[in-house]
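>>> After the sequence you'll find the predicted model.
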Amino acid sequence: MSTISTNEISRLQTTLRRLLGAKGLSVNAPPRPGLSVELAVDGEVIGTIHRDDDEGEVSYAINIILLEEDLPPPT
């Protein structure tokens, strides 16, 4: 995995907001070097974004974490 630039963070945020219809979505630079870029909704971090550069082909993988305690009760 390679580092995600500031320009890429902005482009990812714009694209994800449009694709997911989520204006409250933000893509945040890592809090300190060596950590992952964070994906947040309304300020709450819900996952991470990783960049892969394979022979010049760039892709991004999103890992979303949902805690069972945050789910609604079973019906």
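In hand now; what should we look at? Numbering: from 1, shown residues only.
>>> Can you spell out which residues form a bridge with residue 57?
residue 54 (DSSP bridges).
>>> and the closest residue to residue 24 other than its chain neighbours, how far is that from residue 2?
Spatial nearest neighbour of residue 24, excluding adjacent residues (C-beta to C-beta, 6 or more residues apart in numbering): residue 42 at 4.3 Å. From N, CA and C alone the C-beta is placed, and that goes for glycine too. As judged by C-beta to C-beta, to the nearest Å, residue 42 and residue 2 stand 29 Å apart.
>>> which residues in the protein form strands?
Listed in chain order, the strands found in the chain under DSSP state E are 25-28, 37-41, 44-54, 57-64.
>>> Now mean neighbour count and distance to residue 71 too, for the ones you listed, in a markdown table please.
Output for the strands of the chain, formatted as a markdown table (neighbours: other C-beta atoms under 10 Å; distance: least, C-beta to C-beta, whole Å):
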| stretch | mean neighbour count | distance to residue 71 |
| --- | --- | --- |
| strand 25-28 | 18 | 20 |
| strand 37-41 | 18 | 15 |
| strand 44-54 | 14 | 13 |
| strand 57-64 | 11 | 13 |
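>>> Now stretch 26-41 - C-alpha only, CSV.
C-alpha atoms of stretch 26-41 as CSV (Å, rounded to 0.1, in the frame of the first residue of the first chain):
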residue,chain,number,x,y,z
SER,A,26,-15.3,13.3,5.0
VAL,A,27,-11.9,11.8,4.1
ASN,A,28,-9.3,12.8,6.7
ALA,A,29,-5.6,12.8,6.5
PRO,A,30,-3.9,10.4,9.0
PRO,A,31,-3.6,11.9,12.5
ARG,A,32,0.1,11.2,12.3
PRO,A,33,2.5,9.8,9.7
GLY,A,34,2.3,6.1,9.0
LEU,A,35,-1.4,5.7,9.9
SER,A,36,-4.2,5.2,7.5
VAL,A,37,-6.4,7.8,5.9
GLU,A,38,-9.7,7.9,7.8
LEU,A,39,-13.3,7.8,6.4
ALA,A,40,-15.8,9.6,8.6
VAL,A,41,-19.5,10.5,8.6
